[in-house]
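Q: 3D model of this:
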Amino acid sequence: MKANTKPLMPDCYYHIYNRGINGEVIFKIPTDYQLFLLKYIQHVTPIVNTFAYCLMGNHFHFFINVKSENEILNSVQLKYPGKRVVSIPKWISSQFAHLFNGYSQTFNKKEQRTGGLLETPLNLSSG
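A: Residues are numbered from 1 along each chain as shown. Sure, this is the predicted structure:
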């Protein structure tokens, strides 16, 4: 996560949202939405409970609760047996980074574009 953003913590609720750079479209066709959600399921669902989400053409919103530290560690051990997690907040951040970077790279390749897709830093609010 960027240096000027607060780390996501276990057992906390967050409204996570972001948009395309300069409000540009980040989901052009139905399969873009599906790809984003598949990557979300792959990287983020093991560590959060998702209560609501909305994917719109140029931005997205998620209302989540980060799972407990024990639940996160258990999911890591299931997916990566023997892996040692030094920092839970860094692990949480890395999973969101995998989602956003993976989607951005695939989108850029498909659209034959380069550069950032999403505004930074990730916008979030906690409650």
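
Q: Can you tell me the SS state at the residue lying farthest from the centre of the chain?
A: Most distant residue from the mean C-alpha position of the chain: Gly82, 24.0 Å away (C-alpha atoms, centre = their mean). Secondary structure for Gly82, judged by DSSP: H, G, I helix; E, B strand; the rest coil, is coil.

Q: pLDDT wise, what is it at?
A: With respect to pLDDT, Gly82 scores 90.

Q: Also Gln77?
A: Gln77 carries a pLDDT value of 92.

Q: I'd like to know how far it sits from Lys83.
A: 7 Å (C-beta to C-beta, to the nearest Å). C-beta here means a position set from N, CA and C on the backbone, and glycine is covered the same way.

Q: try Ser93
A: Applying C-beta to C-beta to Ser93 and Lys83 gives a distance of 16 Å.

Q: Who has more neighbours out of these two?
A: Between Ser93 and Lys83, Ser93 has the larger neighbour count (other C-beta atoms under 10 Å), namely 17 against 10.

Q: Look up which helix or strand the more buried one falls in, please.
A: Using DSSP states H and E, Ser93 falls within helix 88-111.
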